[in-house]
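Student: Here is my input; please provide its structure:
(one chain, ligands or ions: 1)
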Amino acid sequence: MSSRIDLSGVGQVFHVRNDQSKQMEKFVALADVDLTVAPGEFLTIVGPSGCGKSTVLDLISGLSTPALGTVSIDGTPVTEPGLDRGVVFQQYTLLPWRTAQGNVELALEAAGVRRDERRRTAAEFLDLVGLSDFANRYPHELSGGMKQRVAIARSLSYQPEVLLMDEPFGALDAQTRERLQEELLGIWRRTGTTVVFITHDIDEAVFLGQRVAVMSARPGRIRDLVEIDLDRTAAADVDVRSTPEFARYRHEIWTLLRQANKSAQDPADHHLEEVERVA
Ligand SMILES: Nc1ncnc2c1ncn2[C@@H]1O[C@H](COP(=O)(O)OP(=O)(O)OP(=O)(O)O)[C@@H](O)[C@H]1O
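Tutor: Alright, predicted model coming up:
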């Protein structure tokens with residue numbers, strides 16, 4: 001099960017207090033964002049800090065609505081959060097008084113799933129993320145990587161058609177992170193879910209994404225889309241990350257990010273013009 005995501009002419013504006021004048025003013029966080037994510041695609045998004053990556057994810061998840069343009073899932077405009085979209089954040093968002101199993105069941109409760117089926121499905125998804133032996137542990141008894149796996153199991157348990165991930169592995173050590181990246185690719189292949197994954201890490205973006213979207217800031221835009229053609233199924237035997245193809249993609253994204261950072265620092269940007277247009 002997977003869905004297509006469309007962002008068309010999307011702009012987002014926030015009201016912020018000007019440090020000098022102390023007046024409220026409009027801040028254009030996103031402008032002219034056009035993006036289509038195909039059903040079952042794995043898209044990663046990179047960009048300078050504050051360029052609007054989380055804002056894009058919030059719009060797709062329905063946590064906010066755009067000031068301009070439309071966001072739709074399979075042609076239906078997104079107006080609020082829904083169980084067709086699962087979200088995983090960087091911070092572990094587990095309830096401390098519930099076990100791993102209980103945390104996964106929570107999402108199924110919200111989806112109205114019957115008790116016995118909840119138990120069975122939660123166990124199945126904990127197994128999928130390799131945590132069957134830890135089902136009865138509480139969050140404080142789990143490592144950071146395990147907590148994040150529970151969060152992933154919880155988001156997958158109600159079988160969303162879209163999985164939105166906002167730097168889910170950002171707080172993990174390098175080894176755990178690489179292992180979870182490989183596990184996530186395996187889960188994605190098995191479930192066929194459409195994934196949008198935000199990261200600061202170029203290697204992570206190249207390793208996971210079938211395409212990498214590079215954003216620029218002030219205002220946030222999709223600056224480039226790079227197709228990544230790597231054979232990741234060989235990951236178990238071959239260190240894909242050390243191949244010349246991987247290095248080429250890494251350099252390409254690195255160069256685009258450098259350019260995106262430079263344009264963000266350019267004082268002659270179109271920021272004010274955009275404010276006028278979007279406001
Ligand atoms: N609710 C809000 N009110 C005011 N400004 C906001 C709000 N949310 C985000 N912003 C601003 O919008 C811009 C984009 O924020 P966003 O969190 O989407 O960036 P990001 O690319 O995800 O950043 P990072 O990589 O640092 O996590 C930033 O300048 C941020 O300060």
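Student: Could you give the separation of the top helix by length along the chain from the chain centroid?
Tutor: Under DSSP state H, the helix in the chain containing the largest number of residues is helix 244-265. Its chain's C-alpha centre and that of helix 244-265 lie 20 Å apart, by C-alpha atoms, centre = their mean, to the nearest Å.
Student: tell me the strands in this structure, going along the chain?
Tutor: Along the chain, counting by DSSP state E, strands occupy 5-17, 24-37, 42-46, 68-73, 76-77, 85-88, 162-166, 194-198, 211-216, 221-227.
Student: Run through the residues that contact L225.
Tutor: R211, V212, A213, V214 (C-beta atoms under 8 Å, 6 or more residues apart in numbering). Bear in mind the C-beta positions are built from the backbone N, C-alpha and C, glycine included.
Student: what's the neighbour count on K147?
Tutor: Using other C-beta atoms under 10 Å, K147 has 23 other residues around it.
Student: now it: how far from T191?
Tutor: 21 Å (C-beta to C-beta, to the nearest Å).
Student: same question, D127
Tutor: 14 Å.
Student: do the same with V240
Tutor: Between V240 and T191 the computed distance is 21 Å (C-beta to C-beta).
Student: for D116, same thing?
Tutor: Where T191 is concerned, D116 sits at a distance of 23 Å (C-beta to C-beta).
Student: Compare these two (neighbour count), which wins?
Tutor: Relative neighbour count places T191 above the other of D116 and T191, with 18 against 8, counting by other C-beta under 10 Å.
Student: Please name the nearest non-neighbouring residue to the more buried one.
Tutor: Nearest-residue entry for T191: L156, 6.6 Å, with adjacent residues in sequence omitted and distances by C-beta to C-beta, 6 or more residues apart in numbering.
Student: Up against the ligand, what does the stretch 1-150 of the chain have?
Tutor: F14, V16, F27, A29, G47, S49, G50, C51, G52, K53, S54, T55 (C-beta under 6 Å from any ligand atom).
Student: Output those residues in JSON lines, with pLDDT, distance to T79 and neighbour count appended to each entry.
Tutor: Formatted as JSON lines, those follow (pLDDT from 0 to 100; distance: C-beta to C-beta, whole Å; neighbours: other C-beta atoms under 10 Å):
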{"residue": "F14", "pLDDT": "93", "distance to T79": "19", "neighbour count": "13"}
{"residue": "V16", "pLDDT": "87", "distance to T79": "25", "neighbour count": "11"}
{"residue": "F27", "pLDDT": "90", "distance to T79": "23", "neighbour count": "17"}
{"residue": "A29", "pLDDT": "93", "distance to T79": "19", "neighbour count": "22"}
{"residue": "G47", "pLDDT": "94", "distance to T79": "26", "neighbour count": "26"}
{"residue": "S49", "pLDDT": "90", "distance to T79": "29", "neighbour count": "9"}
{"residue": "G50", "pLDDT": "90", "distance to T79": "26", "neighbour count": "13"}
{"residue": "C51", "pLDDT": "92", "distance to T79": "25", "neighbour count": "26"}
{"residue": "G52", "pLDDT": "94", "distance to T79": "20", "neighbour count": "27"}
{"residue": "K53", "pLDDT": "95", "distance to T79": "22", "neighbour count": "24"}
{"residue": "S54", "pLDDT": "94", "distance to T79": "19", "neighbour count": "18"}
{"residue": "T55", "pLDDT": "95", "distance to T79": "17", "neighbour count": "20"}
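Student: And these, which two are furthest apart?
Tutor: Spanning the widest gap among these are V16 and G47, at 19.5 Å by C-beta to C-beta.
Student: Measure how buried the residue nearest to T191 is and give me the count.
Tutor: Using other C-beta under 10 Å as the criterion, the residues surrounding L156 number 24.
Student: Could you do the one 5 residues further on as well?
Tutor: When neighbours are counted by other C-beta under 10 Å, E161 registers 22.
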